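[1] A structural model of the following input is requested.
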Amino acid sequence: MAGMRIEDYALIGDTQTAALVGRDGSIDWLCLPRFDSNACFAALLGDAGNGRWLLAPEGAARRTTRRYRGDSLVLETTFATADGTVRVVDCMPPREDELGLVRVVEGVHGRVRMRSELVIRFDYGRSIPWVRRLDGVLSAVAGPDALVLDTPVHTHGEGFTTVSSFEVAAGERVPFLLEWHPSHRRWSGRRRDALAELAATQAWWDQWVRRCTYRGPWRDAVVRSLVTLKALTFEPTGGIVAAPTTSLPEDLGGVRNWDYRFCWLRDATFTLDALMAAGYEAEAVAWRDWLLRAVAGHPADLQIMYGVAGERLLPEVELAWLGGYEGSRPVRVGNAAVEQFQLDVYGEVMDALHQARDIGVEPGGPAWEVQRALMDFLESHWRDPDEGLWEVRAGPRHFTHSKVMAWVAADRAVKAVERFGLPGPRDRWAALRDTIHADVCARGYDADRQTFTQAYDRPGLDAALLLIPQVGFLPPDDPRVLGTVAAIERELCDGGLVHRYAVDRAVDGLGGTEGAFLACTFWLADAYALTGRRDEAVATFERLLDLRNDVGLLSEQYDPATRRQLGNFPQAFSHVPLVNSAQNLSAGGGPAQRRRDGRGGAGGRAASRPGG
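    Take a look at the predicted model:
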């Protein structure tokens, strides 16, 4: 993993957990048996002696290329050496029982000597397992986890590492299958056919991709993003994690390292839009059902994020024994932001459930009762300061975006009564909508600079303000919207890429710097499209497509100075807006247009012009 950039990794997954495969043939990250469980491969976040699985030619490769097979999540890495060419094919078969990791070495031409080095370390590298032969396979056990390695290649131990050397000639295929099971259960003894598993995985993804209805000019990019989102889905519950990794840094060598292996509520509307617009209703329904289960309870206890099954306790812990990616410490598991009050999530939940009704995915069960309870809470607490969507750690304040999303909550509640005949105090909610709108325009807008600001009575900018026309708070041609877009172009753009805000310890309570935020740059492309600047919208969107790695993946951020991806990888909050922006720029419009159409209502339109 020496010298491996974040973008040097590719994703494989089985819709329950995922692994990262480096272009050098090493799997350096894998959690068992789900995204937010303990890692058995964690070399990505520590020393090379940590858990990893290298499968590559013994000598130096002259050239390495890789690709996904078609639109699947079956990864091919091809090594050209002095003696010939060999291909390593990696996948994780989607299935309901024990996790499986399949690696197949294929000889292309010549004869190449290969080496496998399997280092299993459970508990994020802290536990060395007990390894033994069992019924013809290799078994590794520590604590609650057990792994079984099944391969026809002879293996032996060297310094707590399982190694093997073998040759592969043109036309030969050498399989490896690593399978997890709970350590308190004896291995089933079932010998799976790795080659059959590989073929079945390819067929599974081919069938899934055929459901995609997007036929626009950027179909390849959209499909790759949708496949990535599907891979980040925890199939048993429908939850979608923000990323499969923890502590990949936003600032190389710095402290901005967070655990993203959880489900954020604010992703709900964007994700529903992306899935439904592309024809994936079943996934949208599963995500909506996860959302309803997760938020059940007293509205005062609503969290910004939950575990993949809706868990609420996600304490943040620092793993002192890990050196971190390129020295970026501390390495964290869990996320203390779960304890924050973030007002905007009430609007996101209300909007997501309203969008579901609008596009024909009727929320079932107690959805409306949940929404009414959220509105009861919001009526009493929308004036409270909060930590905002960027989860700052410098204390709460009155973030403008948060207040806008409180307006969204009231607006969608009114629309639910008007459009769908649901019972509720329509007039009271409409009055609340008007009050919030007037408050935002009075306190969150700087008339001298002609821009909305990050927080009330503070001059800083915030890229989240680009969402104001998308949510219907103001129309795209409103001078205040145009002025805000211009201000963000002047003050937050770097080479056409958007920073979420001007990083400062006084703003977020953290030191260091960070890269441009990719989701915010997609929002700028959407803002351009909504305000009639289509050519600039397309140019911005295609600039973002150029930042994807060689297999089409994006992390959270990008550093224009070093030309490197930053943050957890791959990032759902980058791939979701890619899908939505492609729809927005394609014939017929997309989620940005649908989300804002008819959303202004009396509250928004009455005050939609200066002086209103």
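
[2] Just the buried residues of the longest helix along the chain, please?
    For the chain, the helix with the greatest residue count under DSSP state H is helix 400-420. For helix 400-420, a neighbour-count test (16 or more other CB atoms under 10 Å) marks 400-417 as buried. Just so you know, the C-beta spots here come from the backbone N, C-alpha and C atoms, and that holds for glycine as well.

[3] and the next helix or strand after it with helix 400-420, angle?
    Sequence order places helix 426-443 as the next helix or strand after helix 400-420, per DSSP states H and E. Between helix 426-443 and helix 400-420, the angle comes out at 150 degrees (axes from the mean of the first three to the mean of the last three CA atoms, to 10 degrees).

[4] so what are the domain limits for the chain?
    6-184, 219-596 (automatic domain parsing).

[5] export the ones you listed to TSV and tack on mean pLDDT and distance to residue 192?
    Shown next, in TSV, are the domains of the chain (pLDDT from 0 to 100; distance: least, CB to CB, whole Å):
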stretch	mean pLDDT	distance to residue 192
domain 6-184	95	6
domain 219-596	94	19
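
[6] wait, which of these is closest to residue 204?
    Proximity to residue 204, assessed across the domains of the chain by CB to CB, is greatest for domain 6-184 (5.5 Å).

[7] what's the helix or strand hosting residue 65 in contact with?
    Secondary structure assignment for residue 65, by DSSP H and E: strand 63-68. For strand 63-68, the surrounding residues in contact (CB atoms under 8 Å, 6 or more residues apart in numbering) are 10, 23-24, 74-80, 224, 550-552.

[8] From these, which land in strands?
    10, 75-80 (DSSP state E).

[9] Could you identify the most distant pair in the contacts of strand 63-68?
    Those two in the contacts of strand 63-68 that are separated most widely, counting by CB to CB, are 80 and 224, at 24.8 Å.

[10] Could you measure from residue 43 over to residue 247?
    13 Å (CB to CB, to the nearest Å).

[11] Then residue 143?
    Residue 143 is 22 Å from residue 247, by CB to CB.

[12] Please apply the same query to residue 131.
    Residue 131 is 28 Å from residue 247, by CB to CB.

[13] Compare those two (neighbour count), which wins?
    Between residue 131 and residue 247, residue 247 has the larger neighbour count (other CB atoms under 10 Å), namely 25 against 20.

[14] and the closest residue to the more buried one other than its chain neighbours, what is it in contact with?
    Spatial nearest neighbour of residue 247, chain neighbours left out: residue 257 (3.9 Å); criterion: CB to CB, 6 or more residues apart in numbering. The neighbours of residue 257, taking CB under 8 Å, 6+ apart as the test, are 246-250, 324-325, 328-332.

[15] Helix, strand, or coil at residue 257?
    Three-state assignment for residue 257 (DSSP: H, G, I helix; E, B strand; the rest coil): coil.

[16] Also the one 4 residues further on?
    When classified by three-state DSSP, residue 261 comes out as coil.

[17] Now do the same contact list for it.
    31, 35-36, 241-246, 308.

[18] that older thread, residue 207: which of the contacts of strand 63-68 is nearest?
    For the contacts of strand 63-68, the nearest to residue 207 is residue 74 (13.2 Å; CB to CB).

[19] The nearest residue to that closest one once chain neighbours are set aside bridge partners, please.
    Spatial nearest neighbour of residue 74, excluding adjacent residues (CB to CB, 6+ apart): residue 91 at 4.5 Å. Using DSSP bridges, the bridge partners assigned to residue 91 are residue 102.

[20] how many neighbours does residue 91 have?
    31.

[21] mind starting the numbering at 57 from now?
    Okay, using 57 as the starting number, the last item reads as residue 147.

[22] Go ahead and confirm it touches residue 66.
    No: using CB atoms under 8 Å, residue 147 is not in contact with residue 66; the gap is 11.2 Å.

[23] what touches both of those two?
    residue 131.

[24] ok so, going back, and the residue nearest to residue 130, how far from residue 278?
    In terms of CB to CB, residue 147 sits 22 Å off from residue 278.

[25] Please point out which parts of the strand holding residue 121 sit buried.
    122, 124.

[26] Stretch 357-370 too?
    358-367, 370.

[27] Stretch 234-243 now?
    234-237, 239, 243.

[28] Not counting its neighbours along the chain, what's nearest residue 526?
    That would be residue 648: by CB to CB, 6+ apart, it lies 4.9 Å from residue 526.

[29] correction: residue 642
    According to CB to CB, 6+ apart, the nearest residue to residue 642 is residue 272 (3.5 Å).

[30] got the contact list for stretch 302-310?
    Against stretch 302-310 from outside (CB under 8 Å, 6+ apart): 62, 100-101, 312-317, 380-384, 386-389, 567-571, 611-613, 618, 620, 622-625.

[31] one more time with 6 Å, if that's ok
    Here stretch 302-310 makes contact (CB atoms under 6 Å, 6 or more residues apart in numbering) with 62, 101, 312-313, 315, 317, 381-384, 387-389, 568-570, 613, 622-625.

[32] same deal with stretch 363-376?
    Under CB under 6 Å, 6+ apart, the answer for stretch 363-376 is 180, 290, 293, 295, 318, 349-350, 386-392, 394.

[33] switch to 8 Å and redo it
    90-92, 101, 180, 290, 292-293, 295, 297, 315, 317-319, 346, 349-350, 359, 361-362, 386-392, 394.

[34] Enumerate every residue touching residue 630.
    574-575, 578, 610-612.

[35] Let me fix that, I meant to ask about residue 108.
    57, 82-84, 97, 99, 173, 175.

[36] Just the buried ones among those, please.
    Going by neighbour count (16+ other CB under 10 Å), the contacts of residue 108 have 57, 82-84, 97, 99, 173, 175 buried.

[37] Let's see which of those end up in strands.
    Short answer: the buried ones among the contacts of residue 108 in strands (DSSP E) are 82-84, 97, 173, 175.

[38] need those residues in a markdown table with distance to residue 331, can you?
    Converted to a markdown table, these look like this (distance: CB to CB, whole Å):
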| residue | distance to residue 331 |
| --- | --- |
| 82 | 32 |
| 83 | 28 |
| 84 | 30 |
| 97 | 30 |
| 173 | 39 |
| 175 | 37 |
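
[39] Tell me which of the contacts of stretch 363-376 fall in helices.
    Checking the contacts of stretch 363-376 against DSSP H, those in helices are 180, 346, 349-350.
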